[in-house]
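> Below are the sequence and a predicted model for it; my questions follow.
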Amino acid sequence: AQSVAQPEDQVNVAEGNPLTVKCTYSVSGNPYLFWYVQYPNRGLQFLLKYITGDNLVKGSYGFEAEFNKSQTSFHLKKPSALVSDSALYFCAVRDGRKAGTALIFGKGTTLSVSS
Amino acid sequence: ETGVTQSPTHLIKTRGQQVTLRCSSQSGHNTVSWYQQALGQGPQFIFQYYREEENGRGNFPPRFSGLQFPNYSSELNVNALELDDSALYLCASSNLVDEQYFGPGTRLTVT
């Protein structure tokens, strides 16, 4: 069975500092990994994905994530945080062996960037 | 913004009633997935439709049902509403193997 853990309910950083939002996963087959962001009263916006290839993937708004197979992690990072990055971030995984399997989401991490 | 739209945006129903939520998928996408997001939780997979056929189902009872139409839009129907059905219902469209693009959601309140 697939699962995703986001160990931090909240991450606080100062504007201009680097940020990391942690994610670990468990999946039977090949992991397809995703990060989404949710602003208040909005749906989820796709940030980036890892399917195969380079372990460091780059996405929207300057975000990137590093896939680490041995640690089963897919942490989200950004070199310099903006106040506008404050939102709820979700990591998700699906089993890449079968097309169309469900996305399994973590509980989410609230990122708060202070000015 | 994605090209995925959902209606209505908000809905209030009474326990025991039935509700239908609608989703229009992004142009070029043939797959629609539905998720339930309870307050403070991540989205939970309800089911997925691919070319008008159910293509997978999560751990939801049969009173949650769906349809996908030839234009790939979709409906989620919930019968015999319970208080715990109160949540944000998200629709996501994709091609079968690609990332999913989410609509803004329908906020359902059951009283």
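Noted; the coordinates are in hand.
> Strands of chain A, residue ranges please.
A:3-5, A:10-14, A:19-21, A:24-26, A:31-38, A:44-50, A:56-58, A:64-68, A:73-78, A:87-95, A:104-105, A:109-114 (DSSP state E).
> should've said chain B
Using DSSP E, strands in chain B cover B:5-7, B:10-13, B:19-24, B:31-37, B:44-50, B:53-57, B:64-68, B:74-78, B:87-94, B:101-102, B:106-110.
> Show the pLDDT at the residue nearest to the spatial centre of chain B.
With distances taken as Cα atoms, centre = their mean, chain B has B:Trp34 as the residue nearest its mean C-alpha position (3.4 Å). As predicted, B:Trp34 sits at a pLDDT of 97.
> I'd say it and B:Cys91 touch.
Yes - using Cβ atoms under 8 Å, B:Trp34 makes contact with B:Cys91 at a distance of 5.7 Å. In this view, the C-beta of every residue, glycine as well, is placed from N, C-alpha and C.
> joint contacts of those two?
Common contacts of B:Trp34 and B:Cys91, defined by Cβ atoms under 8 Å, 6 or more residues apart in numbering or on different chains, comprise B:Cys23, B:Ser74, B:Leu76.
> For B:Ser65, state which of the residues you listed is nearest.
Nearest to B:Ser65 among those is B:Leu76, at 7.8 Å by Cβ to Cβ.
> Could you find the closest non-adjacent residue to the closest one?
In this structure, B:Leu76 finds its nearest non-sequential neighbour in B:Leu21, 4.5 Å apart by Cβ to Cβ, 6 or more residues apart in numbering or on different chains.
> what's the answer for A:Cys91, then?
Counting by Cβ to Cβ, 6+ apart, the residue nearest A:Cys91 is A:Cys23, at 3.5 Å.
> What is the burial count for that neighbour?
By other Cβ atoms under 10 Å in any protein chain shown, the residues close to A:Cys23 number 26.
> Tell me, what's the model's pLDDT at it?
On the pLDDT scale, A:Cys23 gets 98.
> close enough to count as contact, it and A:Ser3?
No - counting by Cβ under 8 Å, A:Cys23 does not reach A:Ser3; the two are 11.1 Å apart.
> measure A:Glu15 to A:Gly108 for me?
22 Å (Cβ to Cβ, to the nearest Å).
> Pick out whichever of these two has more residues nearby.
Taking neighbours as other Cβ under 10 Å, A:Glu15 and A:Gly108 compare with A:Gly108 leading, 25 against 14.
> got a list of what that one touches?
A:Gly108 touches A:Gln6, A:Gln38, A:Leu88, A:Tyr89, A:Phe90, B:Gln41, B:Gly42, counting by Cβ under 8 Å, 6+ apart.
> picking up where we left off before, which of the shared contacts of B:Trp34 and B:Cys91 has the most neighbours?
When neighbours are taken as other Cβ under 10 Å, the top entry among these is B:Cys23 (28 neighbours).
> Report how many residues lie close to B:Tyr35.
27.
> before we move on, what about A:Ser112?
Neighbouring residues of A:Ser112 were enumerated by other Cβ under 10 Å; the total is 13.
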